[in-house]
Structures are given as C-alpha cells and as structure tokens.
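*Asks:* this one's structure only:
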C-alpha cells in the first residue's frame, strides 16, 4: 500500500481511538432513516460524532480497502471544530486528527 494511503488508514484508526477515548463511540447504530440524510454531515439527523462513526469511517475504510479514488479533498476539521466546541479543550486531539485526514485527502485527491 502506498505510504499516504497507509497514513490515511492509520489516521482512521486514530480517529476511532480518540472517539472511544472521549466516550463518543456508540455501541449501536442510529435508525436507518437517520443515516439516510442527504444533508452534508447528516446535520439534520445525526451528531457530528455519529456521522464520523457511522458514515465517514466505514465509507473511508471501503475506499481504502478497495483502492478506489477519493471523492475529492475533505474539509471535515472545520466542521469538527464547530460541532464539537461543547467538548472544550478535550476536542483538540480529535480536531488535529481530522486536520491530518483533511491534509492526506488533499494529497491523495
């Protein structure tokens, strides 16, 4: 695997680890209709951390595993910064991981 793709896969593992560490990793998925939102980040149906867990991470894992092209550059860190502001300073590591993912996606797009 190309080193940048491996870095992206590692960043997804770090993302999951950080979400778990913050207590933001759910044991069961939301209802299917909540996952079917057409809005960016499912803002009308999910919390940002839910979107990361149930939409972003699984889709990225499939893209990496199947060697598919990324849909384009990401800009998820700014959304994370805003949506997770309620965490205060505890969000900093999570946002840093999202920034890393954004940077890797830009290089791979």
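*Replies:* Arrived safely. Because the structure is predicted, anything quoted here is derived from the model rather than measured.

*Asks:* what are the ranges of the helices in the chain?
*Replies:* Here the chain has its helices, by DSSP state H, at 3-21, 32-35, 48-51, 57-66, 76-83, 92-108.

*Asks:* For the longest one, give the mean pLDDT please.
*Replies:* It stands for helix 3-21. Helix 3-21 carries an average pLDDT of 97.

*Asks:* Show me what that helix is in contact with.
*Replies:* Contact with helix 3-21 is made by 1, 25, 49, 52-53, 57, 60-61, 64, 93-94, 97-98, 100-101, 104-105, 107-108, as judged by Cβ atoms under 8 Å, 6 or more residues apart in numbering. All C-beta atoms are positioned from the backbone trio N, CA, C, and that covers glycine.

*Asks:* Would you mind stating the distance between residue 67 and residue 81?
*Replies:* Per Cβ to Cβ, to the nearest Å, residue 67 is found 31 Å from residue 81.

*Asks:* Can you tell me which of the helices of the chain is most buried?
*Replies:* Of all the helices of the chain, helix 48-51 has the most neighbours on average by mean count of other Cβ atoms under 10 Å, namely a mean of 21.

*Asks:* Now do that one: which elements does it pack against?
*Replies:* Applying 3 or more Cβ pairs under 8 Å, 6 or more residues apart in numbering; DSSP states H and E, one finds that helix 48-51 contacts helix 76-83.

*Asks:* how big is the angle separating the helix it packs on from helix 3-21?
*Replies:* Here the directions of helix 76-83 and helix 3-21 differ by 10 degrees (axes from the mean of the first three to the mean of the last three Cα atoms, to 10 degrees).

*Asks:* for the helices of the chain, which one sits closest to residue 42?
*Replies:* helix 48-51 (4.9 Å; Cβ to Cβ).

*Asks:* chain center to that closest one: distance?
*Replies:* Offset of helix 48-51 from its chain centre (Cα atoms, centre = their mean, to the nearest Å): 8 Å.
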